[in-house]
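Colleague: Okay, sequence plus prediction incoming.
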Amino acid sequence: MDNIAEILTQLGYNLKDYGQEYRARPLYRSSNNETVLRIRKDSGYWVDFKEGKGGPLRSLVKLTLGLGSDEEGSKWLKEKGFNKIQRTRTKPVSKGPKTFSLNELSKIDPDYSYWRNRGITSTTVLRDLGSGVVHSNGKMSNRYVFPVQNAKKQIVGFSGRDISGKSKIKWKHLGNKQDWRYPAQINFKNIIKSKTVILVESIGDMLSLWDIGVKETVVTFGLDISLSVLNFLIRIDPDRILISFNNDSKDNSAGNVAAQKAEKKLSKWFDRRQIEIQLPPEGDFNDMLINDRERLIKEWKEPIYGKKN
């Protein structure tokens, strides 16, 4: 037997075909996620995105059957007539994310008045994010800027909100926002503890929810879910994923349509019971915070979290 699919089926796996790989629910641990385990078709190499571990096919056999060692897994494969596939796999060369000098942070003036005027009552989160206004000439001039860090505390980008009222571009980004998981540097523990992730369009939405005590947000920086955010969701496998893009039903409905597309996209990797569309009652979260904070709490937060939170 030299077919990896046959081996996996014999082990009890219900496989889903995803091109160069199979995906399945891990049988060696408790999980309802049908795609978190990925197995390469060409080599049998597997990765469990929730546990962050993987290895050759023999190690998956060991885990699944509860054997004592990888060698016993190899013996089982040999008894089944499985011929080890000899393949030369070229590891893709990754350039890694572009990083910025820490000296760029010196251009940021910790002036929080812009967001105070937009309903943000606490400046603690603004300080913790290292944010502020850039006055000097440059690409982020006259913008309220948020540095974006990766897990290694490197600066991999900046997101800046125009505060002059003169720019046609409300939010400007430096760096590859497809690599960003924001603001994981300050709320990762909140997400893990609550097993909840709320996807929002902008940092302004995130700050507004933070101000009413909701801290499990991930910013998508637009209307699509990047591969980085998707991999993050797969790795942590939350109980609830709330898609909370802008409610544009009175305008162009862009956020509403994008939320439906995001739900469909996420349903390929998650059970639909994990996914909810929970748009703000009207417009975006920051407009709601400014214009009707109590309505935002009563009509959006309380139905999701209850009145005690």
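Modeller: Great, that's in hand. Just so you know, these numbers come straight off a predicted model, no measurement behind them.

Colleague: only C-alpha atoms for contact and neighbour calcs from this point on.
Modeller: Fine.

Colleague: Can I get the helix or strand hosting E302 as PDB, trimmed to CA atoms?
Modeller: Here E302 is covered by helix 302-305, with elements defined by DSSP states H and E. What follows is helix 302-305, C-alpha atoms only, in PDB (Å, rounded to 0.1, in the frame of the first residue of the first chain):
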ATOM      1  CA  GLU A 302     -25.500  43.100  26.300                       C
ATOM      2  CA  PRO A 303     -27.100  40.500  23.900                       C
ATOM      3  CA  ILE A 304     -23.600  39.000  23.400                       C
ATOM      4  CA  TYR A 305     -22.000  39.200  26.800                       C
END
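
Colleague: Can you give the distance from it to the centre of its chain?
Modeller: 22 Å (Cα atoms, centre = their mean, to the nearest Å).

Colleague: go on, stretch 213-221?
Modeller: 10 Å.

Colleague: swap in stretch 36-54?
Modeller: 19 Å.

Colleague: Please list the outside residues in contact with that stretch.
Modeller: Here stretch 36-54 makes contact (Cα atoms under 8 Å, 6 or more residues apart in numbering) with 4-5, 20-26, 55-57, 60, 85-87, 231, 234-237, 269.

Colleague: Next step: the residues you listed restricted to strands.
Modeller: Taking DSSP state E, the ones among these that sit in strands are E21, Y22, R23, A24, G55.

Colleague: pretty sure the third one contacts N33?
Modeller: Looking back up the chat, that one is R23. No. If you go by Cα atoms under 8 Å, R23 and N33 don't touch, sitting 9.9 Å apart.

Colleague: Tell me the buried residues within the contacts of stretch 36-54.
Modeller: Among the contacts of stretch 36-54, those classed as buried by 16 or more other Cα atoms under 10 Å are 4-5, 21-26, 56-57, 60, 234, 236-237, 269.

Colleague: which of those residues has the weakest pLDDT?
Modeller: Least confident of the buried ones among the contacts of stretch 36-54 in the model: W269, at 83.

Colleague: hang on, that residue packs against R235?
Modeller: No. The criterion here is Cα under 8 Å, and W269 misses it with R235 at 11.1 Å.

Colleague: gap between Q154 and K75?
Modeller: 45 Å (Cα to Cα, to the nearest Å).

Colleague: swap in I236?
Modeller: Distance, I236 to K75, using Cα to Cα: 33 Å.

Colleague: how about the nearest residue to A254 once chain neighbours are set aside, what does it touch?
Modeller: Computed as Cα to Cα, 6 or more residues apart in numbering, the closest residue to A254 that is not its neighbour in sequence is D248, at 6.1 Å. Each residue near D248 by Cα under 8 Å, 6+ apart is listed here: A254, G255, N256, E282, G283.

Colleague: What's the per-residue pLDDT of the first one here?
Modeller: Right, the one you point to is A254. In this model, A254 is scored at 86, pLDDT.

Colleague: The closest residue to S267 other than its chain neighbours: what's it in contact with?
Modeller: Spatial nearest neighbour of S267, chain neighbours left out: I275 (7.6 Å); criterion: Cα to Cα, 6+ apart. Neighbouring residues of I275 by Cα under 8 Å, 6+ apart: R240, I241, L242, I243, E263, L266, S267.

Colleague: Just the closest of those to I225, please.
Modeller: Taking Cα to Cα as the measure, I225 sits nearest to L266 out of those, at 8.9 Å.

Colleague: neighbours of the closest one, just the number please.
Modeller: L266: 19 surrounding residues under other Cα atoms under 10 Å.
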